[in-house]
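In: predicted model follows, preceded by the sequence.
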Amino acid sequence: MRTRLAFVASGLAAFVVAASPAFAQKQGGTLRVSHRDNPPSASIHEEATVSVIQPFMAVFNNLVVFDPKEKINSPDKIVPDLAESWSWNPDQTKLTFKLRSGVKWHDGKPFTAKDVKCTWDALSGKADEKSDLIRKNPRKVWYNNLKEVTVGSDTEVTFTLNRPQPSFLSMLAAGYSPVYACHAQGRDMRSKPIGTGPFKVVDFKRNESIKLVRNPDYWKKGRPYLDAIDWKIVPNRSTRMLGFAAGEFDMTFDSDVTFPLLKDIKSQKPDAVCEGRPSNVNQNILINPEAPPFDKPEVRRAVAMSIDQKPFNDILFQGHALSGAAMLPPPAGVWGMPKEMLQTLPGFATDVEKSRAEARKIMEGLGYSKDKPLKVKVSTRNIAIYRDPAVILIDQLKNVYIEAELDPIDTTVWYTKIQRKDYQLGMNLTGLGVDDPDTNFYENFYSTSDRNYTSYKNPEIDKLIDQQSAEMDREKRKKIVWEIEKKLAEDGARPVIVHNVANTCWTPQMKGLVLQHNSIYNGWRFEDVWLDR
Amino acid sequence: MGAYLTRRFLLMMLTLFGMSILIFVMLRLVPGNVADILVDSAGIADPKEKAKIAAELGLDQPIFDQYLHWISGLSRGDLGFAYVSERPAIEEIGPRIPISAKLAGLALFFSVILGVPLGVISAVRQNTGLDYFLRILSLSGLSLPSFWLGLLILMASVQWFGMIPIYTNEPRSFIDEVLLLSIPAAAVGFRSSALIMRLTRSSMLEVLRQDYIRTARSKGASQTSVNYEHALRNALLPVVTIIGIEAAFLVGGLIVTETVFNIPGVARFLVEAILWRDYPIVQNLVMLIAFIVVVVNFLVDMAYMALDPRIKFAD
Amino acid sequence: MAIINHEAELARAGANVSSTRGQILFLARRYPLGAVGALIVLLFIFTAVFANFIAPMDPTTTNAKASLAKPGSVYWLGADFMGRDMFSRIVYGARISLAVGAGATLLGGVLGVAIGLMSGYLGGWFDLATQRVMDIMQSLPLLVMALVMAASLGPSLENTIIAIAIPLVPSVARVVRSSTLSLREQPFVEAARAVGMGEVRIAVRHVLPNTLAPLIVLATAQLGSAILTEASLSFLGLGIPEPYPSWGRMLSESAAEYVRTAPWLVIFPGVAISLTVFGTNLLGDALRDILDPRQRT
């Protein structure tokens, strides 16, 4: 009943707006958003999940940021944030930022270059032992090439790199790279952080809600438009969807609406604005190269060749997911290899039956057959988005004489178990904070990375990763990137099944949000968002 | 009597003490601790960082010291720090108690309002069609999982009212507020009412067979007055007991119902805390539940003693 | 003892007590609700045992084309998000429910009987200590206790059985203990002792059989609550893991997500749980009336 009333009212509002000549942003209002789970903490630098980024990015500023008005994050579309401008020295190893003056932290203390140094010293492990500003650091590898940060003056700071790294600026532009305050305590940053951003944290109630209010002293004049943002944590997806349909929320959690659910939302709330886009999260298979017989590359290849993407895509995404290798495929992805090249990789052939026959031959050569299958366990995190593809994977492995059983692992010990190499096959999801080869390759495939779950070690790949990272010419760099993607696929390093695509919906009254099409981890500053009511 | 009370009280303390050891040990048997989980949430498993966090939380100390630390704090009313939120556990648990208490109170109210009269009717009309119908109804109340009932209610309210009762601290209207708590309370209460109804029925039947009821009847008291004034009053004694037992039963119902209806009460919080291995929260919440159950049982015993002079307590 | 009374009643009613069939028919007429309960429970056990013959499909095979298929001639009760046949999953789910329900009741029963017998028979400090431990265990509601146990043990079929069985122990132990206490001093036990029978033999041969009636009543009630507890645990994500088709698990997560587009995902598993527990409750009530007249309602 109330919904219908609201509907009439919004119809009226639309009429008024259409009648008035200027289409001006309106100030005020509280944006209500549903949240899918309890963020482990509020400290963006310490976490690696969109559950933290999406609500808390609005509390902070970066030095630079991917242009929030652009759908595609690319190195060419980086705009100033706390830095007014930046410049490289001639040999591309010193990056100097001119900082904005007069910016204040939410507690009233002034922001200076020292805060920048504090943040990146902590991130590159140079903070003193006792500091708890950042007590865990999932993106340490991003800053392997960072030699030091030096403060020129209160408004000037310089990052010195060991060697040229064109991606460095992209990493600083990511939602994962906010500037922290020197004087902040780690405990506060994890529960009620302060930043320089457009919104202040009023309250973060675990498992219940996150409340942000407008920062009246925000350095960007006239922003933000909203008075407040209310996040309500609703762990049950059906309740979230019902809540959105019933008008309890103005926006769903990012990428929360799967394609089967989209149909339902559209029928219940026909005026909802929904946008489907790749989340830059891919489903991939972890193959433990230390667990025989997967120590043999040909067995790993056979696993990759047993994959038929179509059922995965059809069941989980109603055919909307994207097919790609390690990098997000174009056009949304800036770096992924072209389609023609992709089809030459194992697991991407158009004729699945042929490649399965080939895979069976490999397995037969090793003494396996229909009556004498290879028995393995497929480990996966015990949550639906991991379990669902694992169930399909097990179904498909039957085609190449692999009889698999699901081993659902409690979310709480998943990474520990993977790290210990206590698995044979794993179904995994990998999300990329930035659509950038450095972040992807260094995090997931470099021999010394903490997040190289398969302990994939290939000196040749390490060399190529370093080589592309230092390459200044974009086109030349892409060629190396594709070569790496190809080699990774051939080695069965982490066979990619599909790149996820999912929908985010909001009420038509919410305006000014631009979803980023190659990363769900960027674009959540909310300073340009306004409510038309 | 005084000696009995003392003994009963000491037993109660002993039970709670035993529970504190049991829960403490059981939690430490759980694979993976909060340090694993905190680190895992970042998608890494760096043993150095993990050890640092474990040390910060005091998880590297001997288990006996950890226990002593907790129990001595508890006796001073200090519940310790929640691991995940890094806030005092009391601040995390405290605000959630009234929510669950309101829900439980409402549920109890519903179950009594529904259970007692239906039980009486069922007993008075023993072996009629109505009795059979009510007995089947109460049995089905005991058989429906309350989370399923909750899901069905959610489905129905979206279908018919185009809205769902999602909990909020600031309900927009009175109707919203009533819907917010009474729908989930009804889902829990329906199940409990079945228990109450069954017990009311059986104790009513027993009383109706007693001599003094026959006497009252033979003296010409009307059937209704016999049923309601004489029999019910006497039958209520065991019903008081079951209402006491209900307190424990309700907690189980609250766990799933708070999950289904997304109510931020203590019961749902317990499940979350178990999943997060947040020991200070789990330990204290379990102790709270045990405390409630034990105290309610104690009070029920006392009520029994006060209401029924026939009961004597041997020391 | 209770059984003897009942036979007298049978004879009084003029039933053909010599044939089992006659007895069953008589009981069914006397306790129609109990008979319905027995039928439901039998159907449940039959479904669980012969699941592989009854289910038309494999409960774990996914099918992209059948995702969220409506109930119809192929998928009688529809299909879930992964395109798995709901009817087959519910049929196999009976197996899980029976395994957990019967497993937990049996395990809890065996432990409870052992503890109760020893406690009642030995008395003294052993009795005191076990009674206090039972007190402690009973100070938590069944689901809370099972929840903590399940989390401690990790999700698996065996662990779920244990997690549900342990909280069931105290009530069994209590019933057995109190019967044992009253039986210990009975003349026939004294007689056995006088003949020189060992204490263990007395306990097993003479005391235990006489506690059977209340035990059966209790076990039936516990079977129902074990099935419900398993469903609740799995619903909360702490019980039976995939790929086992547990009814409670089927109601959690994805089922509820498609509650509007595919209500059958929510309705049928819930009906299966409710019906089964309803059956055990009806049967339990009737058994109590038959076997334990002291508690008759």
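Out: Thanks, I have it.
In: dump stretch C:144-159 to PDB, keeping only the CA atoms.
Out: Taking C-alpha atoms only, stretch C:144-159 is exported to PDB below (Å, rounded to 0.1, in the frame of the first residue of the first chain):
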ATOM      1  CA  VAL C 144      22.200 -23.800  21.400                       C
ATOM      2  CA  MET C 145      24.100 -26.800  22.700                       C
ATOM      3  CA  ALA C 146      24.000 -28.500  19.300                       C
ATOM      4  CA  LEU C 147      25.100 -25.300  17.700                       C
ATOM      5  CA  VAL C 148      28.200 -25.000  19.800                       C
ATOM      6  CA  MET C 149      29.000 -28.700  19.400                       C
ATOM      7  CA  ALA C 150      28.500 -28.500  15.600                       C
ATOM      8  CA  ALA C 151      30.800 -25.500  15.300                       C
ATOM      9  CA  SER C 152      33.400 -27.300  17.500                       C
ATOM     10  CA  LEU C 153      33.300 -30.500  15.400                       C
ATOM     11  CA  GLY C 154      33.000 -29.000  11.900                       C
ATOM     12  CA  PRO C 155      30.300 -29.700   9.300                       C
ATOM     13  CA  SER C 156      29.900 -33.400   8.300                       C
ATOM     14  CA  LEU C 157      27.300 -36.000   8.600                       C
ATOM     15  CA  GLU C 158      29.000 -37.900  11.500                       C
ATOM     16  CA  ASN C 159      29.700 -34.700  13.400                       C
END
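In: give the buried residues for it.
Out: For stretch C:144-159, a neighbour-count test (16 or more other CB atoms under 10 Å in any protein chain shown) marks C:144-157, C:159 as buried. To be clear about C-beta, it is placed using only N, CA and C from the backbone, and glycine gets the same treatment.
In: between all of those, which two are separated the most?
Out: Largest separation among the buried residues of stretch C:144-159 by CB to CB: C:Val144 and C:Leu157, giving 21.3 Å.
In: name the element the residue of the stretch 201-315 of chain B found nearest chain C belongs to?
Out: Across the stretch 201-315 of chain B, no residue is closer to chain C than B:Gly252, which sits at 3.6 Å (CB to the nearest CB). Element membership for B:Gly252, per DSSP states H and E: helix B:232-260.
In: circling back to that earlier point, what's the local residue count around the residue of the stretch 201-315 of chain B closest to chain C?
Out: Neighbour count for B:Gly252, taken as other CB atoms under 10 Å in any protein chain shown: 26.
In: one step back: is any residue of the helix or strand following the helix holding B:Gly252 near chain C?
Out: On the C-terminal side of helix B:232-260, the nearest following helix or strand under DSSP H and E is helix B:266-275. Yes. Using CB under 8 Å from any CB of the partner chain, helix B:266-275 reaches chain C at B:270-271, B:274-275.
In: ok, and the closest non-adjacent residue to the most centrally placed residue in chain B?
Out: For chain B, the residue nearest the mean C-alpha position is B:Val251 (2.6 Å; CA atoms, centre = their mean). Ranked by CB to CB, 6 or more residues apart in numbering or on different chains and with sequence neighbours excluded, the top spatial neighbour of B:Val251 is C:Pro141, at 4.7 Å.
In: before we move on, what about B:Pro264?
Out: A:Glu208 (4.3 Å).
In: thought that neighbour was touching A:Ile233?
Out: Yes. If you go by CB atoms under 8 Å, A:Glu208 and A:Ile233 touch, sitting 5.8 Å apart.
In: looking at the residues of helix B:266-275 next to chain C, which is nearest A:Gln396?
Out: Nearest to A:Gln396 among the residues of helix B:266-275 next to chain C: B:Leu275, at 30.8 Å, using CB to CB.
In: in chain A, where's the longest strand?
Out: Across chain A, the strand with the greatest residue count (assigned by DSSP state E) is strand A:273-287.
In: for the helix holding B:Gly252, buried residues please.
Out: Buried, per 16+ other CB under 10 Å, within helix B:232-260: B:232, B:234-236, B:238-239, B:241-260.
In: low-scoring stretches of chain A, by residue?
Out: Low-confidence segments of chain A (pLDDT under 70): A:1-23, A:129, A:410-412.
In: gap between the closest residue to A:Met57 other than its chain neighbours and C:Ala94?
Out: Computed as CB to CB, 6+ apart, the closest residue to A:Met57 that is not its neighbour in sequence is A:Trp524, at 4.0 Å. Using CB to CB, to the nearest Å, we find A:Trp524 at a distance of 47 Å from C:Ala94.
In: quick one: residues contacting residue 259.
Out: Just so you know, I chose chain A. Contacts for A:Phe259 were tallied using CB atoms under 8 Å, 6 or more residues apart in numbering or on different chains; they are A:276, A:317-318, A:320, A:502-503.
In: could you do chain C instead?
Out: Taking CB under 8 Å, 6+ apart, we find C:Val259 in contact with A:238, A:242, B:151, B:154-155, C:265-266.
In: pLDDT value on the residue nearest to B:Val251, please?
Out: At C:Pro141, the model reports a pLDDT of 86.
In: and what of the one 10 residues further on?
Out: For C:Ala151, the pLDDT comes out at 82.
In: assess the claim that it and B:Ala273 are in contact.
Out: No. If you go by CB under 8 Å, C:Ala151 and B:Ala273 don't touch, sitting 10.0 Å apart.
In: circling back: so which of the buried residues of stretch C:144-159 are also by chain B?
Out: Restricting these to those near chain B by CB under 8 Å from any CB leaves C:144, C:147-149, C:151-152, C:154.
In: from those residues, pick the one nearest chain A.
Out: Once CB to the nearest CB is applied, the member of these that ends up nearest chain A is C:Gly154, at 6.5 Å.
In: got phi/psi on that closest one?
Out: Taking degrees, to the nearest 10, you get phi 90, psi 160 for the backbone angles of C:Gly154.
In: which helix or strand contains A:Thr430?
Out: Going by DSSP H and E, A:Thr430 is in strand A:425-431.
In: list the contacts of that strand.
Out: A:48, A:50, A:279-288, A:294, A:303, A:376-380, A:385-387, A:389-390, A:393, A:404, A:418, A:444, A:453, A:494, A:500, A:520-521.
In: do that again at 7 Å, thanks
Out: Contacts of strand A:425-431 with the rest of the structure, by CB atoms under 7 Å, 6 or more residues apart in numbering or on different chains, involve A:280-287, A:376, A:378-380, A:385-386, A:389-390, A:393, A:404, A:418, A:444.
In: neighbours of the residue in the stretch 151-300 of chain A that chain C sits nearest to, just the number please.
Out: Nearest residue of the stretch 151-300 of chain A to chain C: A:Ser238, at 3.9 Å (CB to the nearest CB). Here the count is done by other CB under 10 Å, and A:Ser238 has 25 residues near it.
In: wait, doesn't it sit right on C:Arg260?
Out: No. Under the criterion of CB atoms under 7 Å, A:Ser238 makes no contact with C:Arg260, lying 8.5 Å away.
In: ok, the closest residue to C:Asp85 other than its chain neighbours to B:Pro88 distance?
Out: Nearest non-adjacent residue to C:Asp85, counting by CB to CB, 6+ apart: C:Met57, 4.2 Å away. Separation of C:Met57 from B:Pro88 (CB to CB) stands at 54 Å.
In: how confident was the prediction at the residue of the stretch 201-315 of chain B closest to chain C?
Out: pLDDT, B:Gly252: 80.
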